[in-house]
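J.: sequence plus predicted model, see below.
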Amino acid sequence: MSKVINKAYFESFSNAALMLLSFEAVMDAIEVVSDGAKIREYDETYVGLVGASLALSVLFERQTGNDASVVCGEHLEQERRHLLEGGEPPTFSIPIVNTLREPLRPEVFDHLTTLQLASASFNYADKVFETISNHSPQALEMAEARVSSLDAVTALRSLVLRLAGGSLTDLAGHVTKITGAGSETLQ
């Protein structure tokens, strides 16, 4: 049974695995050419290079949120226009998509009950866990995880301060009790 090698196939691999696969395919091609052989359509080296191209396409999309073939097409069109019309060379910019979300301000959590605050902290932390646990996160998902992790820490900080009495001084008193000379540590 043979596998279909397409972009969807490579989407299941981690970034590190895709980079290594691409590196190995390029090194194999260099070795073949260095040995004086030709790369022929559908031979092992050719298929390896096609796989490397697909792997790099997946990596590009994860990092930028854009399709590499579309961006390459736009760059080629800019280069053609430059060659025909002259003028300054094109910049070949790479569009990067960012999440529109920003972390919440700490005061947003002030009106929540203690249970709501604990739930919010857990939910944000769980969202980060789910995103990072995915072995091949998309660029946009990682940006979302960044914002959610900041919200989780902010909500958790508010919860801890509330439970400690509301101030860093109150919290310091509790920390001293917990970490004092007579306290035990979990082993």
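T.: Sure, I can see it. This one's a predicted model, so the numbers in the text were calculated from it and none came from an experiment.
J.: in this structure, which helix is the longest?
T.: Longest helix in the chain by number of residues (criterion: DSSP state H): helix 139-164.
J.: any idea how far that one is from the middle of the chain?
T.: Here helix 139-164 is found 18 Å from its chain centre; the criterion is Cα atoms, centre = their mean, to the nearest Å.
J.: helices or strands next to that helix in the packing?
T.: Helix 139-164 sits against helix 44-64, helix 114-133, helix 168-179, with contacts defined as 3 or more Cβ pairs under 8 Å, 6 or more residues apart in numbering; DSSP states H and E. Glycine gets a C-beta too; all of them are placed from N, C-alpha and C.
J.: mind putting these in TSV, mean neighbour count included?
T.: Putting the helices and strands packed on helix 139-164 into TSV (neighbours: other Cβ atoms under 10 Å) gives the following:
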stretch	mean neighbour count
helix 44-64	18
helix 114-133	16
helix 168-179	12
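J.: pLDDT below threshold where in the chain?
T.: Applying pLDDT under 70 to the chain flags residues 1, 97-101, 131-142, 167-168, 170-187.
J.: and if we set it to 50?
T.: Applying pLDDT under 50 to the chain picks out residues 135-136, 178-179, 183, 185-187.
J.: domain-wise, how is it divided?
T.: 7-85, 106-179 (automatic domain parsing).
J.: run the chain-centre distance for the first one.
T.: What it means is domain 7-85. In terms of Cα atoms, centre = their mean, the centre of domain 7-85 is set 20 Å apart from its chain centre.
J.: report the contact partners of Leu112.
T.: Applying Cβ atoms under 8 Å, 6 or more residues apart in numbering to Leu112 gives the contacts 120, 158.
J.: report the separation between it and Cys72.
T.: 48 Å (Cβ to Cβ, to the nearest Å).
J.: ditto for Asp151
T.: Noted for Asp151: a distance of 37 Å to Cys72, by Cβ to Cβ.
J.: kind regards, and thank you for your time.
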